[in-house]
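When you get a sec, could you give me coordinates for this:
(one chain, ligands or ions: 1)
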Amino acid sequence: MYEGLLKQYKEYLPITDKTPEIALAEGNTPLIPLKNLSKELGITLYGKYEGLNPTGSFKDRGMVMAVAKAVEDGAKAIICASTGNTSAAAAAYATRAGIKAYVVIPDGKIALGKLAQAIAYGADIISIPGNFDEALKAVRDIAKTEAVALVNSVNPYRLEGQKTAAFEVCEQLGKAPDVLAIPVGNAGNISAYWKGFKEWHEKKGTDLPRMHGFEAEGAAAIVKGQVIEAPETVATAIRIGNPASWKLAEAARDESKGYIDSVTDAEILNAYRKVASQEGVFVEPGSAASLAGVIQHVKNGRIKPGETVVTVFTGNGLKDPDTAIKETDIKINKMSDVEDMRRHLREGVAAL
Ligand code: F0G
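A predicted model of the protein is given here:
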């Protein structure tokens, strides 16, 4: 039976005999062939669907490791700043480990599903008037003086856990893809994947992909080479103007001969609708940034015809129901009786 990452990849993780076995069967997510989009784009495209992790995002990979190490070190509480997914994962794994989670979120700027999760798992939720970058600065300060373990991705154990996604991609494909496309917010995940690809290649000779990272245009600090004081994007998950792992992300880009580019909100929303309506895969807007980037890079030649591309879908579409309803054409057919329904169906089916 698959039990979770700490067991599955024990020998590749910083686990000692004192590390508690915490698990929610995280990881082991599907690599879904995106056949319709592959045909349209002239490449072989797969989606690594991280939205199927236990709290609905890739954050579970890093959080199970970070919480296990915090407990090993005697912590009774953890703290993080978050655009929502980190807080959901922190809350769930803290509960699992029997410790307390403090989560600090930007007021009004986190998706409804993520807030609901933090509430349900029983975190202490602190909302601040500032953005994610300000929240991160605050928790970094607090963790210096208070008896809480910081579990943002500046905690190196987070990247250790998250690198396992690259292992899985190589195992599922039998080799590394030509290109790994990924959204970039605080820049931890692109750094973790690159670390994972390098380690797996060293052990198994699976080769290395080019890393193509994508920031939202209104929050594209790495692309513009400057901190964005007031980041703005529909993709609240990656609404970050001063990425903590900036340097590591640039190293991943340069070592892999890849790119970090930006995608507009319009490109993000187009990709968001496309992957749900053409492939049956519902991802959150922040996750659609990677597919938006793939589409852009096929157009401008940074991805070549016939290449094998894995696009990371970092979070589940159910996380952000507001955007789903606001940004799509809703057509609900209200009907009062069975005869109305029958007529409607006959017309519809006849036209197929
Ligand atoms: N996609 C989703 C769905 C995310 O929630 C995040 C980050 C990213 C992509 C970007 O990953 O920060 O490692 O570059 N969310 C963080 C949070 C910031 O608080 O949940 P990154």
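
Kindly report the residues of this structure close to the ligand.
When proximity is defined as CB under 6 Å from any ligand atom, the chain approaches the ligand at 57, 59, 82-86, 153, 183-189, 237-238, 284, 286-287, 314-315. To be clear about C-beta, it is placed using only N, CA and C from the backbone, and glycine gets the same treatment.

Quick one, which of those are buried?
57, 59, 82-86, 153, 183-189, 237-238, 284, 286-287, 314-315 (16 or more other CB atoms under 10 Å).

Please flag which of these sit within helices.
Mapping these onto helices (DSSP state H) picks out 59, 85-86, 188-189, 286-287.

Check what contacts the least confident helix or strand in the chain by mean pLDDT and list those residues.
Within the chain, confidence by mean pLDDT, DSSP states H and E is lowest for helix 321-326 among all helices and strands, at a mean of 92. Identification of contacts with helix 321-326 by CB atoms under 8 Å, 6 or more residues apart in numbering yields 111-113, 234, 272, 282, 284-285, 317.

Now tell me what touches the helix or strand following it from outside.
Using DSSP states H and E, the helix or strand that follows helix 321-326 in sequence is helix 338-350. Counting by CB under 8 Å, 6+ apart, helix 338-350 makes contact with 333, 335, all of which sit outside it.

And the strands in the protein?
Assigned by DSSP state E, the chain shows strands spanning 31-33, 44-49, 77-81, 100-106, 124-128, 149-150, 179-183, 210-216, 259-263, 308-313.

Any stretches of the chain with poor pLDDT?
Within the chain, not a single segment meets pLDDT under 70.

one more time with 80
Counting by pLDDT under 80, the chain has low-confidence residues at 330.

OK, contacts around the residue nearest to the spatial centre of the chain?
For the chain, the residue nearest the mean C-alpha position is Thr314 (2.7 Å; CA atoms, centre = their mean). By CB under 8 Å, 6+ apart, the contact list for Thr314 reads 50-51, 57-58, 85, 182-183, 189, 237, 283-284, 286-287, 290.

and the gap between it and Lys195?
Distance of Thr314 to Lys195, given as CB to CB, to the nearest Å: 17 Å.

can you check Ile99 too?
Ile99 is 27 Å from Lys195, where distance means CB to CB.

Surely Thr312 touches Lys48?
Residue 312: Val, not Thr. Yes: the criterion here is CB atoms under 8 Å, and Val312 meets it with Lys48 at 4.9 Å.

Pull up the overlap in contacts between those two.
Common neighbours of Val312 and Lys48 are listed as Ala165 (criterion: CB under 8 Å, 6+ apart).

and the least confident helix or strand of the chain, which residues are buried?
323-324.

cool, stretch 38-52 as well?
So for stretch 38-52, counting by 16+ other CB under 10 Å, buried means 38, 41, 43-52.

what's the span of that stretch from first residue to last?
Taking CA to CA, to the nearest Å, stretch 38-52 runs 22 Å from one end to the other.

Ok, stretch 175-191 next?
One end of stretch 175-191 to the other measures 19 Å (CA to CA).

cool, stretch 228-240 as well?
8 Å.

ok, Gly98 to Ala77 distance?
Taking CB to CB as the measure, Gly98 falls 11 Å from Ala77.

Neighbour count: the two, which is higher?
Ala77 (15 against 10; other CB atoms under 10 Å).

quick one: that one and Ala147 touch, right?
Yes: judged on CB under 8 Å, Ala77 makes contact with Ala147 at a distance of 6.9 Å.

Contacts only, for Val294.
41, 43, 45, 179, 181, 212, 303, 309, 311.

Roughly how far does the first one sit from Gly174?
If I follow you right, that is Leu41. For Leu41, the distance to Gly174 - CB to CB - is 22 Å.

Ok, the fifth one next?
For Ala181, the distance to Gly174 (CB to CB) stands at 19 Å.

residues contacting Ser57?
Per CB under 8 Å, 6+ apart, neighbours of Ser57: 50-51, 85, 88-89, 314-316, 319.

Who does it form a beta bridge with?
Gly315 (DSSP bridges).

Distance-wise, check it relative to Lys198.
24 Å.

Kindly report the same for Ala116.
37 Å.

Those two: who's more crowded?
Lys198 (16 against 13).

What are the phi and psi values at the residue lying closest to that one once chain neighbours are set aside?
Of all residues not flanking Lys198 in the chain, Leu208 sits nearest, at 6.8 Å (CB to CB, 6 or more residues apart in numbering). When read as degrees, to the nearest 10, the backbone of Leu208 gives phi -120, psi 140.

who touches Leu208 in this structure?
So Leu208 contacts 176, 197-198, 201, 256 (CB under 8 Å, 6+ apart).

Relative to Leu291, how far out is the closest residue to Gln8 other than its chain neighbours?
Leaving aside its chain neighbours, Gln8 sits nearest to Gly27 (6.5 Å; criterion: CB to CB, 6+ apart). Gly27 sits 22 Å away from Leu291, going by CB to CB.
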